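J.: could you look at this predicted model? Sequence included:
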Amino acid sequence: QPNAMGGREVGGMASLLAAHKNLGNPKHRKEVSDFWGGGEIQAEPGYTATEMFDALDEGKLEAIWIICTNPAVSMPNVKKVERALKKAKFVVVQDISHNSETTKFADLLLPAAGWLEKEGTMTNSERRISYLPKVIDAPGEALPDAEIIWRFAQAMGYTGFDYANSSEVYDEHCLLTKGTEIDISGLSYERLINEGSFQWPVPHKTHKGTPRLFTDRKFFTNDKKAHFNAPSTLYNKSEETDNEYPLILNSGRVRDQWHT
């Protein structure tokens with residue numbers, strides 16, 4: 001799995017744009033569009049992960065490119081997922097291993113580099129960004145996920161993908177965050193390597209990071225106030241515990257079905 005904190009920061013969901021920008025916000029769409037050199041970004045979100053397989057099953061989606069996940073195991077209703085993948089006209093699976101159950105359905109397999117075989121960054125839940133160095137070479141023709149994507153884009157003739165390395169990709173991402181609540185325009189691979197990890201925001205090149213947010217008591221809401229949501233209807237509907245049976249088993253597959 002990609003890490004969730006980093007995934008949110010780069011817009012890794014159908015309803016999000018990078019740098020914590022919202023697809024449903026016309027101002028945010030224009031900001032990202034202008035940054036990338038024009039061209040309208042559609043307001044309607046694409047399919048979510050589960051909706052993609054509904055669409056494949058119903059013939060509304062004809063091709064799918066699966067990167068860094070194993071939906072033939074992790075998705076709910078696996079029989080439907082398998083049926084949908086068989087119906088698809090073209091399935092690309094990009095993975096580090098042929099042991100992934102999803103690769104059985106692939107028309108094209110793209111071998112990806114594992115975490116020790118590529119460089120990158122990871123953000124954890126205290127907003128701390130760490131640099132992850134490449135330690136060993138990837139085997140065979142395996143490449144980092146990002147490089148596979150930019151090589152594909154170059155081969156398809158798309159502009160804006162002329163990267164030489166992942167550091168250049170990160171520089172672009174950092175620049176897109178400038179002026180936002182998640183501003184890391186002061187970061188680079190060079191700083192992360194030489195100075196260690198940082199907690200965002202890091203808005204300029206000598207900024208040391210932000211260990212604690214909201215010390216000014218202004219929050220990331222429309223009125224700048226903290227909002228508490230305490231629904232009174234929330235109640236655990238599973239079997240009640242008692243002295244004889246004091247524990248509840250929480251199955252990861254039910255709670256977080258995207259984990260394998």
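T.: Great, that's in hand.
J.: where along the stretch 1-150 of the chain do the strands fall?
T.: Ranges of strands in the stretch 1-150 of the chain, per DSSP state E, counting those that start in this stretch, are 16-17, 21-22, 63-67, 90-95, 108-111, 120-123, 128-132.
J.: can you list the residues that contact the fifth one?
T.: I take that to be strand 108-111. Contacts to strand 108-111, defined as CB atoms under 8 Å, 6 or more residues apart in numbering, come from residues 90-96, 98, 103, 138, 140-143, 148. Heads up, the C-betas are built off the backbone N, CA and C, glycines and all.
J.: quick one: mean pLDDT for it?
T.: Averaged over strand 108-111, pLDDT sits at 97.
J.: mind checking how far the nearest residue to residue 96 once chain neighbours are set aside is from residue 97?
T.: Spatial nearest neighbour of residue 96, chain neighbours left out: residue 114 (4.6 Å); criterion: CB to CB, 6 or more residues apart in numbering. As judged by CB to CB, to the nearest Å, residue 114 and residue 97 stand 9 Å apart.
J.: who has more neighbours out of those two?
T.: residue 114 (15 against 10; other CB atoms under 10 Å).
J.: do I have it right that that one meets residue 95?
T.: No - counting by CB atoms under 8 Å, residue 114 does not reach residue 95; the two are 9.9 Å apart.
J.: for the stretch 1-150 of the chain, give me the ranges with low pLDDT.
T.: Within the stretch 1-150 of the chain, the stretches with pLDDT under 70 are 1-3.
J.: how close does residue 188 sit to residue 234?
T.: 43 Å.
J.: neighbour count winner among those two?
T.: Between residue 188 and residue 234, counting by other CB under 10 Å, residue 188 is the more crowded of the two (17 against 7).
J.: show me the contacts for the more buried one.
T.: Applying CB under 8 Å, 6+ apart, the residues near residue 188 are 167, 170, 171, 174.
J.: show the buried residues in the residues you listed.
T.: With neighbours counted by 16 or more other CB atoms under 10 Å, the contacts of residue 188 contain buried members at 167, 170, 171, 174.
J.: output stretch 128-145 as CSV, restricted to C-alpha atoms.
T.: The C-alpha coordinates for stretch 128-145 follow below in CSV (Å, rounded to 0.1, in the frame of the first residue of the first chain):
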residue,chain,number,x,y,z
ARG,A,128,7.0,14.4,9.4
ILE,A,129,8.6,14.0,6.0
SER,A,130,11.5,11.6,5.7
TYR,A,131,13.8,10.9,2.8
LEU,A,132,14.0,7.2,1.8
PRO,A,133,17.3,6.5,0.0
LYS,A,134,17.8,3.9,-2.6
VAL,A,135,19.9,1.1,-1.1
ILE,A,136,20.2,-1.6,-3.8
ASP,A,137,19.5,-1.8,-7.6
ALA,A,138,16.2,-3.3,-8.7
PRO,A,139,16.4,-6.6,-10.5
GLY,A,140,15.9,-7.1,-14.2
GLU,A,141,13.8,-4.5,-15.9
ALA,A,142,12.1,-3.3,-12.7
LEU,A,143,11.8,0.5,-12.4
PRO,A,144,10.4,2.9,-9.7
ASP,A,145,6.6,3.5,-10.0
